[in-house]
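Colleague: predicted model, plus sequence, below.
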Amino acid sequence: MVVPSLSATSQSLRFSFSITPSPSRTLPKQPLPKSSVRLSRYVPLLKPISAVKTEVSVPDERKPPIFPTVGGPNVEAIEADKVTEAELKENGFRSTRRTKIVCTIGPRTCGFEELEALAVGGMNVARINMCHGTREWHRQVIERVRRLNAEKGFAVAVMMDTQGSEIHMGDLGGAASAKAEDGEHWTFTVRPFDVNFPERTISVNYDGFAEDVKVGDELLVDGGMVRFVVTEKIGPDVSCCCTDPGLLLPRANLTFWRNGSLVRERNAMLPTLSSKDWLDIDFGIAEGIDFIAVSFVKSAEVIKHLKSYIATQSTESTCKFYLTVMTIFVQPCSNIAVIAKIESIDSLKHLEEIISASDGAMVARGDLGAQIPLEQVPSVQKRIVELGRKFDKPVIVASQLLESMIEYPIPTRAEVADVSEAVGQQADALMLSGESAMGQYPEKALAVLRSVSLRIERWWREEKHRAALEPLTMPSSVCGGVPEEMCNAAVKMANKLKADALFVYTKTGHMASLLSRGRPDCPIFAFTTMPSVRRRLNLQWGLMPFSLSLSDDMESNLNRAFSLLKARGMINSGGLIIVVSDKLRSIQVINVP
Ligand SMILES: Nc1ncnc2c1ncn2[C@@H]1O[C@H](COP(=O)(O)OP(=O)(O)OP(=O)(O)O)[C@@H](O)[C@H]1O
Ligand SMILES: CC(=O)C(=O)O
Ligand SMILES: [K+]
Ligand SMILES: [Mg+2]
């Protein structure tokens, strides 16, 4: 029985497990004492949260949990994801999907019914992209996702993606698209137009554009979907000849290249967060979103700056909020996680710093592929996924995973291989962009991500056992410490004992995240009191987050969790569970009574 790094200390390590082992999963033969594994140098207990009772009813999901009287199990007291619940009931523990899915919401999926179909199909996070649509439009989407969660028992998180201030085209004077033909002359200009756009004229958002480009430069729309060469500069206007024809879409990104290299001149000085982005961020905070994904991050500074801004904003609103409901317990203040989007060539120089400063990262392969040669994108993806594991931050692999499914009902073989690669790398999440925002088959695309994830995850586990492989090498973390060692040990135990699940009680999500970092063979049930923590954990690999009121008495918490989950048919008697508690510094091995 193994918890090497822990047993090395003088603290005793004993396992308690109660009741009958299931026939298929036998525990070590010698009888073990029925007492908890305690690694405690005594941790002072927090004020019993169950003592704080409130009858106040608050009209949204952000309300603090209302604790049931401790005693008889209360079937209403656990909130579980409906989809997970169904999966568990149908196929048991091993069948649950570990890789999470982010869906970009656009005109094709913004209705309540379409959102519900995505949630039923396995969407864990809904992404709204502030490059498109009005704030009112986004507000409606957020409201619908919240309603979906409240009415239908989902825990879909909301991610807001900032516009950023890289160079992009204007909105084509309202047209849905424009076709540029080979050899045609087009004008790119920084002149503002109100309504009357001259023919073949494109506005550009960056004032320094006409000064920065030179005759002979190549101008790439969306990383090369359409290509121009600069033929003449006349004041604010830049005249270009189309060399690779294609469809121009509103607000498409522009990059310019000189002698085969991306030009980073004064445009490299554009702020990562524009004034519009700050307004959007205020909007997001007010709407209670769960994640902010920052586009075109160049350094760790902007991430730190935004995180401290969010912390001050949320402290203010949290205090106001809790004063209003007259409760006194302290909750984590900054509930919004900041995701660093890696899509700028500048970010690659500071990857470690950026990822360790953030709460997660996104491999934004769309714009990244416009800033570095395409053949470098796969190795950068691999590196970011590894750094995420190292620093214990979730990583999302995004863009063009199933691009052809914008138009077709089945993916290409190459797309399936790409998705398999990301799942095999054990990235936390995969993301749909145009496929779900404006494609013709959003639900089918989601189903492909789900079935490929399930298949590849299972294949990996089987392969690992057949070849007795060690888990994918996990870079040692820079944080270390007791929680990390406990979680690493618990994962190892769970794998060796072929446990059905890991259980963790988590206030801020930290322990749950550390367990997920170990990528165990079994799913992780994470119990938290805070709906916002539950939604946030929904982005992380292998975590099944539940809302559950927690009392001070871990034994009673555990018994309550067992009764509630059994009552819902989500676990069965005899199942082998490894329970990790930060508060008690304990790892318990238990058979479900
Ligand atoms: N809210 C929206 N309203 C209208 N169209 C949208 C919306 N969100 C996304 N889309 C459409 O879906 C496409 C893909 O979405 P996506 O979020 O990947 O945008 P993008 O323009 O490629 O920018 P980014 O680099 O930030 O991802 C967009 O180009 C746009 O056509
Ligand atoms: C997602 C995103 O922003 C990109 O791929 O560019
Ligand atoms: K964006
Ligand atoms: Mg982008």
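Modeller: Okay, I see it. Numbers count the residues shown, from 1 in each chain. Ligands and ions are numbered 1, 2, ... in the order given.
Colleague: for Asp222, see how far away whatever residue of the chain ends up closest to ligand 4 is.
Modeller: Nearest to ligand 4 in the chain, going by CB to the ion, is Asp367, at a distance of 3.6 Å. Backbone N, C-alpha and C define where each C-beta goes, glycine included. Here Asp367 is placed at a distance of 9 Å from Asp222 (CB to CB, to the nearest Å).
Colleague: shared neighbours, these two?
Modeller: Asn253 (CB atoms under 8 Å, 6 or more residues apart in numbering).
Colleague: and the residue in the chain positioned nearest to ligand 2, what does it touch?
Modeller: Going by CB to the nearest ligand atom, ligand 2 is nearest to Gly366 of the chain, at 2.8 Å. Each residue near Gly366 by CB under 8 Å, 6+ apart is listed here: Asp222, Gly223, Glu343, Ala398, Ser399, Gln400, Ser433.
Colleague: now do 6 Å
Modeller: Contacts for Gly366 (CB atoms under 6 Å, 6 or more residues apart in numbering) come out as Ser399.
Colleague: can you tell me the helix or strand for it?
Modeller: Secondary structure from DSSP states H and E places Gly366 in helix 365-371.
Colleague: give me the buried positions along whichever helix or strand comes after that helix.
Modeller: Following helix 365-371 in sequence order, the next helix or strand is helix 377-391 (DSSP H and E). By neighbour count with 16 or more other CB atoms under 10 Å, helix 377-391 contains the buried residues Val377, Val380, Gln381, Arg383, Ile384, Val385, Glu386, Leu387, Gly388, Arg389, Lys390, Phe391.
Colleague: likewise stretch 242-262?
Modeller: Across stretch 242-262, burial judged by 16+ other CB under 10 Å covers Cys242, Gly246, Leu248, Leu249, Pro250, Ala252, Asn253, Leu254, Thr255, Phe256, Leu262.
Colleague: format the residues you listed as JSON lines; extra columns: pLDDT, distance to Cys522 and secondary structure.
Modeller: Shown next, in JSON lines, are the buried residues of stretch 242-262 (pLDDT from 0 to 100; distance: CB to CB, whole Å; DSSP: H, G, I helix; E, B strand; the rest coil):
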{"residue": "Cys242", "pLDDT": "98", "distance to Cys522": "55", "secondary structure": "strand"}
{"residue": "Gly246", "pLDDT": "96", "distance to Cys522": "48", "secondary structure": "strand"}
{"residue": "Leu248", "pLDDT": "94", "distance to Cys522": "49", "secondary structure": "strand"}
{"residue": "Leu249", "pLDDT": "91", "distance to Cys522": "44", "secondary structure": "coil"}
{"residue": "Pro250", "pLDDT": "89", "distance to Cys522": "46", "secondary structure": "coil"}
{"residue": "Ala252", "pLDDT": "91", "distance to Cys522": "44", "secondary structure": "coil"}
{"residue": "Asn253", "pLDDT": "91", "distance to Cys522": "42", "secondary structure": "strand"}
{"residue": "Leu254", "pLDDT": "93", "distance to Cys522": "48", "secondary structure": "strand"}
{"residue": "Thr255", "pLDDT": "92", "distance to Cys522": "45", "secondary structure": "strand"}
{"residue": "Phe256", "pLDDT": "92", "distance to Cys522": "51", "secondary structure": "strand"}
{"residue": "Leu262", "pLDDT": "90", "distance to Cys522": "45", "secondary structure": "strand"}
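Colleague: pLDDT weak spots in the protein?
Modeller: Low-confidence segments of the chain (pLDDT under 70): 1-76, 194-195, 314-334, 466-479.
Colleague: one step back: restrict the buried residues of helix 377-391 to contacts with ligand 4.
Modeller: With CB under 5 Å from the ion as the criterion, the buried residues of helix 377-391 include none near ligand 4.
Colleague: now distance to Ser275 too, for the residues you listed, in CSV please.
Modeller: Converted to CSV, those look like this (distance: CB to CB, whole Å):
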residue, distance to Ser275
Val377, 31
Val380, 30
Gln381, 32
Arg383, 33
Ile384, 29
Val385, 33
Glu386, 35
Leu387, 31
Gly388, 31
Arg389, 36
Lys390, 35
Phe391, 31
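Colleague: which of these sits closest to Gly518?
Modeller: Using CB to CB, Arg389 comes nearest to Gly518 of the buried residues of helix 377-391, at 9.3 Å.
Colleague: now the closest one: how far from ligand 3?
Modeller: 25 Å (CB to the ion, to the nearest Å).
Colleague: could we number from 368 for the rest of this?
Modeller: In the new count, where the first residue is 368, that last one comes out as Arg756.
Colleague: how about the residues of this protein by ligand 2?
Modeller: Ser662, Lys708, Glu710, Ala731, Arg732, Gly733, Asp734, Ala765, Ser766, Ser800 (CB under 6 Å from any ligand atom).
Colleague: who wins on neighbours among these?
Modeller: Of all the residues of the chain next to ligand 2, the highest neighbour tally under other CB atoms under 10 Å goes to Ala765, namely 29 neighbours.
Colleague: if we ignore the residues flanking it in sequence, what's nearest Val815?
Modeller: Nearest residue to Val815 in three dimensions, chain neighbours excluded: Pro778, at 5.5 Å (CB to CB, 6 or more residues apart in numbering).
Colleague: who's in contact with that neighbour?
Modeller: Contact partners of Pro778, counting by CB under 6 Å, 6+ apart, are Leu769, Ser771, Met772, Val815.
Colleague: hang on, the third one packs against Tyr808?
Modeller: Read it as Met772. Yes - using CB atoms under 6 Å, Met772 is in contact with Tyr808, at 5.3 Å.
Colleague: the more surrounded of the two?
Modeller: Neighbours were counted for Met772 and for Tyr808 using other CB under 10 Å; Met772 has more, 25 against 21.
Colleague: wait, does stretch 608-618 contact ligand 4?
Modeller: No - using CB under 5 Å from the ion, stretch 608-618 stays clear of ligand 4, coming no nearer than 10.9 Å.
Colleague: can you pull the residues of the stretch 618-767 of the chain lying near ligand 3?
Modeller: So far as CB under 5 Å from the ion goes, the stretch 618-767 of the chain lies against ligand 3 at Ser662.
Colleague: the chain too?
Modeller: Residues of the chain lying close to ligand 3 by CB under 5 Å from the ion are Asn496, Cys498, Asp528, Ser662.
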